[in-house]
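*Asks:* sequence plus the predicted model coming up.
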Amino acid sequence: MVSRVIPVDPFDLVIFGGTGDLARRKILPGLYRRYLAGQMPAEARVIGAARSDLGVEGYRSLIAEALEEFVADDMRPAEAVAGFLDHLGYVAVDARGETGWADLTSNLRDSVVRAFYFSVTPALFSDLAERVHAHGLVEPDTRIVVEKPFGRDLASARALNAELATHFDESQIYRIDHYLGKETVQNLMAVRFGNILFEPLWNAQYIDHVQITVAETVGVGGRGSYYDKSGAMRDMVQNHLMQLLCLTAMEPPAQFEPDAVRDEKLKVIRALQAVPEPDVVRGQYTAAGGMPGYLEDVENPDSTTESFVAIRAQIANWRWSGTPFYLRTGKRLRARLSEIVVRFKQTRHSIFDADARGAPNELTIRLQPDEGMDLRVTIKEPGPGGMRLIDVPLDMTFADALGPDAEDVTDAYERLIMDVIRGNQTLFMRGDEVEAAWAWTDPIIESWEADDRLRPAPYDAGGAGPEEALALMHRDGRRWKDIRT
Ligand code: BG6
């Protein structure tokens, strides 16, 4: 299989927060990989912008170090790295003052695609938007990229949307949720809407329930001060899990086109029912197996912030009424695993002996690790001795099915940045979507905040999450798939 590289137009990409963690870890390594793939045009320029007075050479060596840290050795031939660094510029800019803006202005060209990436603390989004605009840097085709978190509740997201709308048209705003850039997430759409096999069964009549799991092994060490004010609900559920739920549950859009897709996602979010208290579990990891607990990690012995959430979500529409979507995410769990499990119903009537019956069909869409899909089907156990049924996987790990190129799956950030340059908003969240998602999560968070004596349920670091999360499913006669890779 040969990957196809579709060229993009020449661009000036300004990265505010160009020296920060995300820029070093994801954005610049991603751009470098696009450069290696031959997708970055010779005239493309990436301009780092931050407060420190680094100069272009200083910035290039900072990024050279970042590439050493975050790009595999065999992908860093010296001439390729040097060629990529030639594309980089740097401007020292003060987001809240006037320093550097004249310099930045003189660095930008009129004839190329222009994009500003706000990879900064959310507190600076409005300042940056205002200054970019005030300095006359916004042309009709200019784009801005806004990192999450997009607000911390409905009110703040609304305020931010309103603020951005005073300077930019919605078609210029690219709100990133990097889960939408993951290869398998797009494959979910390809599988659902590119095959005749699944869609007729994709509803409450045939699907018993859906499980969406995003389990991480990492704790919050290092990001404690951000995370402790946020928690798993704001950090993961309102955005990443919500997007996975939308893509699984949405109606087929009429075209694979940005607003057609986003309209359908929005309808799903708006159809989500308010979550009653017994249908949510929150948890917090405690020290185990030599790993510190959450309270030690955030250095706040009184914290009641959750590092784990499980929810039984219900979509009140014709397609899904009666089929729950169970969501679960947490830090310091047993394995790093993100997957969507679609559990079909049992056949209505079995012609086989009761004890010969196979398990219901199950489609697993794995985002990470080992991107791929796996459909469990029932067959006859080979050999004599009567009709005994077993379920076997029809496994489609992309790396096995598509050969070595599939292992080099494009990182979410590289894909999304190229989409910004192409002007394709399909994989970015629209303002109304973000607001609707907050409208659903806010009451849950408010109920927790109303009584901060309510502590999240404890779970062992390195475990499967709190007992209460298991009970959430047992209550319905169902069980979570193991967190195991
Ligand atoms: C980020 C969250 O958006 O996603 C992090 O802020 C989380 O807390 C990360 O660790 C997970 O992303 P991925 O791609 O590693 O699954």
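*Replies:* Nice, I can see it.
*Asks:* hmm, residue 232 is touching residue 307, no?
*Replies:* Yes: applying CB atoms under 8 Å as the test, residue 232 and residue 307 come out as touching, 5.8 Å apart. Bear in mind the C-beta positions are built from the backbone N, C-alpha and C, glycine included.
*Asks:* show me the contacts for the spatially closest residue to residue 105 that is not a sequence neighbour.
*Replies:* For residue 105, ignoring the flanking residues on the chain, the nearest one in space by CB to CB, 6 or more residues apart in numbering is residue 135 at 5.8 Å. Contact partners of residue 135, counting by CB atoms under 8 Å, 6 or more residues apart in numbering, are 101, 104-105.
*Asks:* hmm, back to that, tell me which of residue 232 and residue 307 has more neighbours.
*Replies:* residue 307 (31 against 27; other CB atoms under 10 Å).
*Asks:* residues contacting that one?
*Replies:* Residue 307 neighbours (CB under 8 Å, 6+ apart): 219-220, 227, 231-232, 283-285, 294, 330-332, 456.
*Asks:* would you mind measuring from residue 62 to residue 21?
*Replies:* 12 Å (CB to CB, to the nearest Å).
*Asks:* flag every buried residue along stretch 62-78.
*Replies:* The neighbour-count check on stretch 62-78 (16 or more other CB atoms under 10 Å) flags 62-64, 66-67, 71 as buried.
*Asks:* which residues do residue 232 and residue 307 both contact?
*Replies:* 330-331.
*Asks:* coming back round to it: would JSON lines of the contacts of residue 307 with distance to residue 473 and pLDDT be doable?
*Replies:* Converted to JSON lines, those look like this (distance: CB to CB, whole Å; pLDDT from 0 to 100):
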{"residue": "219", "distance to residue 473": "25", "pLDDT": "95"}
{"residue": "220", "distance to residue 473": "26", "pLDDT": "93"}
{"residue": "227", "distance to residue 473": "26", "pLDDT": "94"}
{"residue": "231", "distance to residue 473": "22", "pLDDT": "96"}
{"residue": "232", "distance to residue 473": "18", "pLDDT": "98"}
{"residue": "283", "distance to residue 473": "15", "pLDDT": "98"}
{"residue": "284", "distance to residue 473": "20", "pLDDT": "98"}
{"residue": "285", "distance to residue 473": "20", "pLDDT": "98"}
{"residue": "294", "distance to residue 473": "23", "pLDDT": "97"}
{"residue": "330", "distance to residue 473": "15", "pLDDT": "98"}
{"residue": "331", "distance to residue 473": "20", "pLDDT": "98"}
{"residue": "332", "distance to residue 473": "21", "pLDDT": "98"}
{"residue": "456", "distance to residue 473": "18", "pLDDT": "96"}
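*Asks:* out of those residues, list just those in helices.
*Replies:* 227, 231-232, 294 (DSSP state H).
*Asks:* ok, so of the residues you listed, who is nearest residue 387?
*Replies:* residue 232 (46.2 Å; CB to CB).
*Asks:* ok, the closest one - contacts?
*Replies:* Per CB under 8 Å, 6+ apart, neighbours of residue 232: 282, 306-309, 329-331.
*Asks:* of those, select the buried ones using a ChimeraX command.
*Replies:* Under the burial definition 16+ other CB under 10 Å, those of the contacts of residue 232 that qualify are selected in ChimeraX by:
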select :282,306,307,308,309,329,330,331
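*Asks:* so whichever residue of the chain sits closest to the ligand versus residue 151, what's the distance?
*Replies:* With CB to the nearest ligand atom, the shortest gap between the chain and the ligand falls at residue 235, namely 4.8 Å. Relative to residue 151, residue 235 is positioned 13 Å away (CB to CB).
*Asks:* and what of residue 274?
*Replies:* Using CB to CB, residue 274 is found at 20 Å from residue 151.
*Asks:* before we move on, what about residue 160?
*Replies:* Distance from residue 160 to residue 151, counting by CB to CB: 5 Å.
*Asks:* okay, and the common contacts of the two?
*Replies:* With CB under 8 Å, 6+ apart, residue 160 and residue 151 have common neighbours residue 122.
*Asks:* so which bits of the stretch 151-300 of the chain are right by the ligand?
*Replies:* Applying CB under 6 Å from any ligand atom, we find that the stretch 151-300 of the chain lies next to the ligand at 216, 235.
*Asks:* give the residue spans of the stretch 151-300 of the chain that score low on pLDDT.
*Replies:* Flagging of the stretch 151-300 of the chain using pLDDT under 70 yields an empty set of residue ranges.
*Asks:* please, where are all the strands along it?
*Replies:* Along the stretch 151-300 of the chain, the stretches classed as strands by DSSP state E, counting those that start in this stretch are 173-175, 207-215, 280-286.
*Asks:* please identify the most buried of those strands.
*Replies:* strand 280-286 (a mean of 24; mean count of other CB atoms under 10 Å).
*Asks:* elements contacting it?
*Replies:* Strand 280-286 is packed against helix 294-297, strand 308-313, strand 457-460, helix 467-474, with contacts defined by 3 or more CB pairs under 8 Å, 6 or more residues apart in numbering; DSSP states H and E.
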